[in-house]
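**Q** What would the 3D arrangement of this be:
(chains A and B)
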Amino acid sequence: MVTWILRIASIATFAYMAFLVYDILNPNDIWHWAVPYEFVVTVFRMLSLIVFFLATTMVSGLVSAFTGGALPENVIVGLYNTLVLRTWYMQPYGLADPLTNIQQVWASFQMNLGNVLVALWNNTFLFLYFLCAGIGIALFLQSLVRMDHRFVGGAFISIQAIVILAAFRHLIVPDISPFPADFMEFFLTQGQILAFVSFAYLEVSYQMIYSSSVGKPVEDREETLKKQLLALRQATRKQDAIERGEKVSTTGMSRSTGATAFSFLREAMERKVMGSQSALESLDAVSDVRRLQIYVDELLQSDSRARDELTAKAAAPSSSYVIGSAITGSAIRFLTVVAVSFILMSPNVIRLLLNLPIGIENSVEMLQPEIVVLFLVPIVGVFPFAAALISWLSKREVVEKEMLTKEEKEAMEKRKKDLARKRKETEKARRARAKARKKRKGDESEVDEWDKALEDTYKR
Amino acid sequence: MVVFAGVLLLTSGFSFINFYLVLLGVYCVIGLVVTLPLFALTANLAGIEVDRQIDKVKVFSGDFLRVRVTIRNVSRRHFDFIEVHDQYPETWILAIGENFIASRIEPGSSMTFSYILQARMRGRYFLGPTEVIMRDRLGLHYYKRILKEQTEVLVYPTWKDVRRLESFAKQRQLGLMFGAHRTKTVGMGTDFAGFREYVPGDEFRLIDWKASAKRGDMVVKQWEQEKNVQIICMVDTSGSMGNGYPENTKLEYAIRAAVLLTHMGIERKDLVGTCVFSDIVHGYIPPGTQPNHMYDVLEVLAMAEPKGWSDYETAIAHVVTQSKKRSLIIWLTDLERSPAPLLNAMKTLVANGHKSLVISPFGPWFEAPVGQFGPVEKVLSEAVSEELWERRNKIARALSRFGINVINVGPEDFLPTIIRSYEQAKQRGVATF
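**A** The predicted model follows:
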């Protein structure tokens, strides 16, 4: 529920952000819907000219080698007329009529290529605006379904990339120049509104992802458990059917219940448990599935909390808390970010605060955006520093439980000692045996029948 | 992503002298760091406690085990987003549920989740550690802590062979004693065995006067008594026993055979002991019938690891000093060590009045089928197999001189062989007491 509300808010902010970008860039007359088509056509036209150039050069070279150096005019003219004019006669860059003179063809080619390159340069940017918008919308739609920060960030950057590209082309873009010294004036400028909406899109979308990531796992767990239990029951029934000699379909179960997503059954399937008569040979896998069914049944019967614990139902956060904290958290963040950014961006505020010398106050640098860096870097550094300081001050002693309990450690220690003692004793016994054997060898002249057997073993 | 966007917008703003781009860049950068102090104030993972509970600490391989994990927030702060991953041994299978949770947790509250695992492969295993990750709401910052506490689980060897044996016995409706041969000894006892002619020295009370009168000659009544056999199973756990497919190594089969033998022995009131050895004696459970005997054997077998070399002499010296009664000693060894120590061990064993039998898994039968190899590997593997086979035949010949049989087994006939050997021992009354 909360996720759906935030999803709607995300859609609204994205739509407004996209609309503002569209609206502000509209006076540049860049939103021609035919632009993508023209771009593609221009690219192909350029490619066709290059292919034509290469083709004629190769053909003329080959033909001239056979005809004693004479250029085959008719061939080039024919090729040009066929490859370029016939194919592209409808396009604005081609010539309407067939050419008959080779010089005309070459001149046309040079002129065409130049025109095409210029058109391509212009069209590329127009095309890129559409491309960025398309990517932005695609990523935005993905973000609504997949709930991933990367898609939200991608959608945001794609839309802002349109403004960046337009700024590069020196078009009319949102700007806040000169930067107002009055907060309210600043707050209501068009550029600020777009920046604020863009930031709001990021904030709302991230809240949406948060809401989904705390609520979804519990929902998913419940869904997965249902599927797993159903798949398990069907698998057991299927085994029964196989044992009774009935024919069973092989794929019906996995498709209907999503059993293939259930690793335990998948493994069982890999061991060919279900679906074939020969499967019965794999007794272990069959009995594993059956025993799991019995185990789960007994567990669910004997422990009333078992199902809730498997689904972790109690871990789901309350909707009211999530929505309440999302609103307060976002409001605090908006206010802080806007206020701090205004102080950073407006040199006048800092100027008043710092009481700078008149030479610096009137310098051109104060009117340049780079002045922001002068204050941005230290202020940005303050927050991590404060965080580190707080963590250090509020550092609580982490009571780390040991990997093993005292008894377990003692038992392990005892096992080690026992092993060492055994090794020592065995080694001692081994040495004593060797010594005794050596002594006996020296004393006895006759060969023991066991030794004889041993000798025979080696001899053969 | 936000950092990238911030830097991109700032640099673009500076390059094209555009205050909108700079402002948005500043928003991104400030938005990224502004909550850091607040996050640092709330994020203290020391306030999180994780408690893991399991139904049983000792399970059989292939059994299912429910793991319950409770996460408690003992601090006074709420954790907006917390992820808990409870780790389990790699060889085990997650049967039902999931071993992680992601949610938020209020101060003083707790949440519990559980999952069901299938324990695979015998041995000592540890559940845990638990990884706790705390993120801020927007996923911009996170802290991670690993709670080292682990839960020990001992996995006994598989019980499936015993289950199968029992189910077959039930199917034939002859009870668990199906196929069992009783070992009887004529002499003392309560069961009537028959008559025989009186020989001087027989006690007068044994004379059956009625039968003697009928026959016209003195006959004595004979009684018989059921005898039980005493068997000691010597499980070799040297490094070479670990060869073969995982879960189907020579050692695993030897362990399954030992479990089956012990179970059958207990069922029929025979005494079966187990000795697990390599270069030292890792464990020895003397033959017994006490209620916990099976679990003692299972425990010692669960811990067996294939390493070291086979010191038969040390193993038999240990067994001989521990067990004075005449026993049938069944060796489960691959005979891949030099024969001298084995013959010496057999010498000690025979000298102490014990009987012996060697059930020997043949290495190449437990490894990859030759068909899977390339031509060179195929030839090499065949050559190695032949050499091993020849060597093992020599050892078998040497041992057969002293009445000790060597039975070569593969994965298919390992368990049937141990059952057959036990039945034959019962039939022949080897090592009765």
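**Q** For chain B, what's the nearest residue on the stretch 1-150 of chain A?
**A** Proximity of the stretch 1-150 of chain A to chain B (Cβ to the nearest Cβ) peaks at residue A:149, 5.5 Å away. Bear in mind the C-beta positions are built from the backbone N, C-alpha and C, glycine included.
**Q** Determine the three-state secondary structure at the nearest residue to that residue once chain neighbours are set aside.
**A** The shortest distance from residue A:149 to any residue other than its chain neighbours is 5.5 Å, reached at residue B:139 (Cβ to Cβ, 6 or more residues apart in numbering or on different chains). Here residue B:139 is recorded as coil under DSSP: H, G, I helix; E, B strand; the rest coil.
**Q** shouldn't residue B:139 be in contact with residue A:211?
**A** No - with contact defined as Cβ atoms under 8 Å, residue B:139 and residue A:211 do not form a contacting pair (11.9 Å).
**Q** and for these two, which residues touch both?
**A** Counting by Cβ atoms under 8 Å, 6 or more residues apart in numbering or on different chains, residue B:139 and residue A:211 have no contacts in common.
**Q** Name the residue in these two with the higher neighbour count.
**A** Using other Cβ atoms under 10 Å in any protein chain shown, the more surrounded residue of residue B:139 and residue A:211 is residue A:211, with 25 against 15.
**Q** Residue 113: what's it in contact with?
**A** This is for chain A. Per Cβ under 8 Å, 6+ apart, neighbours of residue A:113: A:46, A:49, A:50, A:53.
**Q** please go with chain B instead
**A** Here residue B:113 is in contact with A:221, A:309, A:310, A:312, A:315, B:68, B:69, B:84, B:97, B:98, B:101 (Cβ under 8 Å, 6+ apart).
**Q** That one bridge partners, please.
**A** Beta-bridge pairing for residue B:113 (DSSP bridges): residue B:69.
**Q** where does chain B have low pLDDT?
**A** B:138, B:169-190, B:225-226, B:368-372, B:431-433 (pLDDT under 70).
**Q** In it, which residue sits closest to chain A?
**A** Closest approach between chain B and chain A, counting by Cβ to the nearest Cβ: residue B:1, at 3.0 Å.
**Q** In helices, which of the contacts of residue A:113 appear?
**A** Under the assignment DSSP state H, the contacts of residue A:113 contribute A:46, A:49, A:50, A:53 to helices.
**Q** of those, buried ones?
**A** Among these, those buried by neighbour count (16 or more other Cβ atoms under 10 Å in any protein chain shown) are A:46, A:49.
**Q** which of the ones in helices among the contacts of residue A:113 are close to chain B?
**A** When contact is defined as Cβ under 8 Å from any Cβ of the partner chain, the ones in helices among the contacts of residue A:113 do not meet chain B at all.
**Q** Generate CSV for the ones in helices among the contacts of residue A:113, with pLDDT as supplementary columns.
**A** Compiled in CSV, the ones in helices among the contacts of residue A:113 are given as follows (pLDDT from 0 to 100):
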residue, pLDDT
A:46, 82
A:49, 78
A:50, 82
A:53, 78
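**Q** The ones in helices among the contacts of residue A:113: which two are farthest apart?
**A** Of all pairs drawn from the ones in helices among the contacts of residue A:113, the widest gap by Cβ to Cβ lies between A:46 and A:53 and measures 10.7 Å.
**Q** Helix or strand for the residue in chain A that chain B sits nearest to, just tell me which one.
**A** Per Cβ to the nearest Cβ, residue A:153 is where chain A lies closest to chain B, at 3.0 Å. According to DSSP states H and E, residue A:153 maps onto helix A:149-168.
**Q** and the next element down the chain from that helix?
**A** Counting by DSSP H and E, the next helix or strand C-terminal to helix A:149-168 is helix A:183-188.
**Q** what about the following helix or strand past that following helix, near chain B?
**A** Next in sequence after helix A:183-188, counting helices and strands by DSSP H and E, comes helix A:190-243. Yes - using Cβ under 8 Å from any Cβ, helix A:190-243 reaches chain B at A:191-192, A:194-196, A:198-199, A:202-203, A:206-207, A:209-210, A:213-214, A:217-218, A:221, A:224-225, A:228-229, A:232.
**Q** how big is the angle separating helix A:190-243 from helix A:149-168?
**A** Taking axes from the mean of the first three to the mean of the last three Cα atoms, to 10 degrees, one finds helix A:190-243 and helix A:149-168 inclined to each other by 150 degrees.
**Q** ok, residues contacting stretch A:289-308?
**A** Contacts of stretch A:289-308 from elsewhere in the structure, counted by Cβ under 8 Å, 6+ apart, are A:225, A:229, A:232-233, A:235-236, A:239, A:264-265, A:268, A:273, A:314, B:62, B:64, B:66, B:95-96, B:114, B:116, B:118.
**Q** just stretch B:281-291 next, same as before
**A** The contact list for stretch B:281-291 (Cβ under 8 Å, 6+ apart) reads A:422, A:426, B:230-232, B:237, B:266, B:269, B:271-276, B:293, B:296-297, B:300, B:303-304, B:314-315, B:318-319, B:322-323, B:325, B:327.
**Q** Pretty sure the residue of chain B closest to chain A sits against residue A:158.
**A** No - in this structure residue B:1 lies outside contact range of residue A:158 using Cβ under 8 Å: 11.8 Å.
**Q** more crowded one of those two?
**A** Shown here are residue B:1 and residue A:158; by other Cβ under 10 Å, residue A:158 has more neighbours (20 against 16).
**Q** check which helix or strand covers the closest residue to that one other than its chain neighbours.
**A** Distance criterion Cβ to Cβ, 6+ apart; nearest residue to residue A:158, sequence neighbours excluded, is residue A:136 at 3.3 Å. Under the criterion of DSSP H and E, residue A:136 resides in helix A:102-146.
**Q** burial count for residue A:295?
**A** 18.
**Q** And the pLDDT for it?
**A** With respect to pLDDT, residue A:295 has a value of 90.
**Q** sec struct for it, please.
**A** From three-state DSSP, the assignment for residue A:295 is helix.
**Q** now residue B:335: how far from residue B:304?
**A** Look at residue B:335 and residue B:304: by Cβ to Cβ, to the nearest Å, they are 18 Å apart.
**Q** again, but for residue B:218
**A** Using Cβ to Cβ, one obtains 59 Å as the distance from residue B:218 to residue B:304.
**Q** And those two? Which one has more around it.
**A** residue B:304 (25 against 16).
**Q** give the contact list for the more buried one.
**A** With contact set as Cβ under 8 Å, 6+ apart, residue B:304 has these partners: B:122, B:235, B:237, B:251, B:255, B:276, B:282.
**Q** Now for those: which two are most distant?
**A** Greatest spacing in the contacts of residue B:304, by Cβ to Cβ: B:122 and B:282 (13.8 Å).
**Q** So for those two, which sits in the more crowded spot?
**A** Using other Cβ under 10 Å, the more surrounded residue of residue B:122 and residue B:282 is residue B:122, with 26 against 21.
**Q** which stretches of the stretch 201-350 of chain B form strands?
**A** For the stretch 201-350 of chain B, the strands defined by DSSP state E, counting those that start in this stretch occupy B:219-227, B:230-236, B:271-277, B:281-288, B:328-332.
**Q** Can you pull up the most central residue in chain A?
**A** residue A:150 (5.8 Å; Cα atoms, centre = their mean).
**Q** In this structure it contacts residue B:5, no?
**A** No - judged on Cβ under 8 Å, residue A:150 makes no contact with residue B:5 at a distance of 11.6 Å.
**Q** who does the helix or strand hosting residue B:427 touch, helix- and strand-wise?
**A** According to DSSP H and E, residue B:427 maps onto helix B:414-428. Judged by 3 or more Cβ pairs under 8 Å, 6 or more residues apart in numbering or on different chains; DSSP states H and E, helix B:414-428 is in contact with helix B:250-267, strand B:328-332, strand B:355-361, strand B:405-409.
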